[in-house]
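Chemist: no letters, just coordinates:
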């Protein structure tokens, strides 16, 4: 289930004001089971690209195919995790996780078991009957991930999922995410503006330009298959981070100058 | 300008419908006279002075009650926020009166002041008082301490701080409370006029209704509604101007 | 410690109300004004008690509440539906937007004689008058709520496999509930007020009607007893709505914080 973007453009049309070209001729391939990070300054359209892939925005120019077939609307093959968690506040942790399973029409016993397994997976045992308002940011994000993983999508879309968390929680979540991916491999498209996070988590990092977003450069960060703590302190890691940081910084400056003028 | 016109087009459509439906017999013209008949009746009311007499009476009583309510309300609300003993005294009164629909007090006003203008003004006054007091109280209480300290440090006396700092800072809440009071004043005045009769737009509407002159009745209803609507709009504009420092 | 403070605050509130009533009683007994203008609180309470025992008051309360509730229910159902439709269907928005924005600041009570003309002098006209007045805040709240549902909630549901129809019932409606309920909480006192005014203007049975009758007979304690009854009923309704809100919205941050 590889993903393919071909000449994708998108114009953002606000109800009041002029239309803005958010993406311009983006072409990109994501291999199956690959962890790809979309990196770029604010406003470069990386989230827009993700939403187009997710089917939440209509593809007006260009094509996006998943496994050879063009994207047409959201679906359980592409699970999404948002930065502000998007949990259903009126449902408990368990009910949130069960939601997708109910839509899949799994029999009751199977649903409950799977939900429990996921609650264990994200270390939230004991909080099954809590409401989102009673949870911390990190816990909420774990529920969101569990909810998405429950329906076992082949592709995982993540829109700056750890952006709302503090640095320590974020570091913990990185490890948890890598552990989860190791157990159930998926294709992951991960949007972030944090360079270090991108290099740490991803196999490849696609750097996007300032608006209108284009793919500027793609950097391999697979470190020959090594993951996690092994790569963190190495020279190769630091070099890649610096290189990417330089790219992003240039684009960020361009974006800022454009905003000022 | 154009967008305003297109925005209110559905009203125009309804007006056309109001004219056509009774004429074509879809609606009994007895119960809903065509709009043109209502318009004609309105002109008639204007010409023979009926509109002027009653309209003026209503306006006088409304403005009197509203003005009284605003002045007393602002003074009371700010005093409550500024002087603790006053708050302790008045707060329970407010708590008790708040859930009570002030229109329920109209019969008491009649007991006290009889069937005349005084009762109507008193009813409007009571209706307006509470939203203004609460707005002024909350507004004054919410003034940042640092603003007051800055003024004191600059040499202002305590009562000067009250007028020169607290009052302006509380203005947004006060004005919001007054907007509320404005809407309530119309409701209470019309209600009082229905009940007390004698004079005023409420009296005009109900007496023409009882007398069977429905086109005049509708003319009265529309007049009151229009005045209420435009009063609110005008007040919003005034409020916007007064709070233009807000940005 | 916080619990104690809240308890003491609640206590003080009651203390100040009792102090107020005591002041009323003292004021009346001192005969500063005639007992006609301000009957003693004790007199009013005794009178209320008798009216309740005799059944007259109960009948009045039941009638008033029945009409107010009927109008409120009508306003709630139609208001929620209209509000949500306005948010989602452009044609509805085009049509209703000016109606709502013009209708909101209008003193809708002015339409009472119109309703009497159209629906007679019995329950129907009162109920519809109440509904007409109460529907506006419900529409406004439902409209705002439906418009402000976070897109990411809808998108999450879609990507989890929800169909379009399910989106409305399973996501949009629960997400809108807090704001819609606030609209209902605004509409409820309006329903009571309008009902009482209608009764006072039209006479007959009911709390408002009874008070007018008593007023005509210069039955001052009766009038005050009626007002006391209205105050109690009004406060009870407001409190009931708060309790219902707490139960219904148990998941809401504001409920869990307190």
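Modeler: That came through, no problem. What you see is a predicted model, and the numbers here were worked out from it, not measured in a lab.

Chemist: contacting residues for residue C:113?
Modeler: The contact partners of residue C:113, taken as Cβ atoms under 8 Å, 6 or more residues apart in numbering or on different chains, are B:194, B:205-206, B:209, B:217, B:221. All C-beta spots, glycine's among them, are computed from the backbone N, C-alpha and C.

Chemist: can you confirm it is in a helix?
Modeler: Yes: Residue C:113 sits within a helix when classified using DSSP: H, G, I helix; E, B strand; the rest coil.

Chemist: give me the nearest residue to it, chain neighbours excluded.
Modeler: residue B:209 (3.8 Å; Cβ to Cβ, 6 or more residues apart in numbering or on different chains).

Chemist: wait, the one you found touches residue C:117, no?
Modeler: Yes: between residue B:209 and residue C:117 there is a contact at 6.2 Å, judged by Cβ atoms under 8 Å.

Chemist: which residues do those two both contact?
Modeler: Counting by Cβ under 8 Å, 6+ apart, the residues touching both residue B:209 and residue C:117 are residue B:217.

Chemist: could you grab the helix/strand/coil label for the residue nearest to residue C:113?
Modeler: helix.

Chemist: tell me the spacing between the most centrally placed residue in chain B and residue B:69.
Modeler: A centroid search over chain B (Cα atoms, centre = their mean) returns residue B:182, at 2.5 Å, as the residue closest to the centre. Separation of residue B:182 from residue B:69 (Cβ to Cβ, to the nearest Å): 10 Å.

Chemist: which residues are in contact with both of these two?
Modeler: With Cβ under 8 Å, 6+ apart, residue B:182 and residue B:69 have common neighbours residue B:128.

Chemist: related to what we said a few turns ago, the residue nearest to residue C:113: how many residues sit nearby?
Modeler: Around residue B:209 there are 20 other residues, counting by other Cβ atoms under 10 Å in any protein chain shown.

Chemist: same question, residue A:16
Modeler: Neighbours of residue A:16 using other Cβ under 10 Å come to 4.

Chemist: who are the contact partners of the nearest residue to residue B:101 once chain neighbours are set aside?
Modeler: Spatial nearest neighbour of residue B:101, excluding adjacent residues (Cβ to Cβ, 6+ apart): residue C:193 at 4.0 Å. Residue C:193 sits next to B:101, B:103-104, B:187 when contact means Cβ under 8 Å, 6+ apart.

Chemist: any of those buried? List them.
Modeler: Applying 16 or more other Cβ atoms under 10 Å in any protein chain shown to the contacts of residue C:193, the neighbour count classes B:101, B:103-104, B:187 as buried.

Chemist: mind listing the helices for the stretch 151-261 of chain A?
Modeler: A:167-183, A:195-201, A:229-232, A:235-260 (DSSP state H, counting those that start in this stretch).

Chemist: can you tell which of those helices is closest to residue A:214?
Modeler: In terms of Cβ to Cβ, the element of the helices of the stretch 151-261 of chain A nearest to residue A:214 is helix A:235-260, at 9.9 Å.

Chemist: ok so, going back, pick out the shakiest of the helices of the stretch 151-261 of chain A, pLDDT-wise.
Modeler: Lowest mean pLDDT of the helices of the stretch 151-261 of chain A: helix A:229-232, a mean of 74.

Chemist: that older thread, out of the buried ones among the contacts of residue C:193, who's nearest residue B:145?
Modeler: Among the buried ones among the contacts of residue C:193, and counting by Cβ to Cβ, the member closest to residue B:145 is residue B:101, at 36.5 Å.

Chemist: list the contacts of residue C:135.
Modeler: C:74-75, C:78-79, C:82, C:187.

Chemist: mind checking which of those are buried?
Modeler: C:74-75, C:79, C:82, C:187.

Chemist: specify the local secondary structure of residue A:38.
Modeler: From three-state DSSP, the assignment for residue A:38 is strand.

Chemist: farthest pair within the contacts of residue C:135?
Modeler: Across the contacts of residue C:135 (Cβ to Cβ), the longest gap, 13.1 Å, separates C:82 and C:187.

Chemist: how far off centre is stretch B:194-210?
Modeler: Averaged C-alpha coordinates place stretch B:194-210 at 18 Å from its chain's average position (Cα atoms, centre = their mean, to the nearest Å).

Chemist: circling back to that earlier point, pick the one among the buried ones among the contacts of residue C:135 closest to residue B:133.
Modeler: Among the buried ones among the contacts of residue C:135, and counting by Cβ to Cβ, the member closest to residue B:133 is residue C:187, at 23.5 Å.

Chemist: ok, now which ones touch that closest one?
Modeler: Contacts of residue C:187 (Cβ under 8 Å, 6+ apart): C:72, C:75-76, C:79, C:134-135, C:137-138.

Chemist: quickly find the element holding it.
Modeler: Using DSSP states H and E, residue C:187 falls within helix C:173-202.

Chemist: next secondary structure after that helix?
Modeler: Helix C:173-202 is succeeded, C-terminally, by helix C:207-216 (DSSP H and E).

Chemist: follow-up on the earlier one: top of the contacts of residue C:113 by neighbour count?
Modeler: Most surrounded of the contacts of residue C:113: other Cβ under 10 Å gives residue B:205, at 28 neighbours.

Chemist: show me the shaky parts of the chain.
Modeler: Picking chain A for this. Counting by pLDDT under 70, chain A has low-confidence residues at A:226, A:228, A:260-261.

Chemist: hmm, no, I was thinking of chain C.
Modeler: C:1-2, C:255-258.

Chemist: the strands in it, which residues?
Modeler: Taking DSSP state E, chain C contains no strands at all.

Chemist: what are the ranges of the helices in it?
Modeler: Secondary structure of chain C (DSSP state H): helices located at C:2-29, C:41-54, C:56-88, C:90-103, C:112-119, C:123-147, C:151-159, C:164-166, C:173-202, C:207-216, C:220-248, C:253-257.
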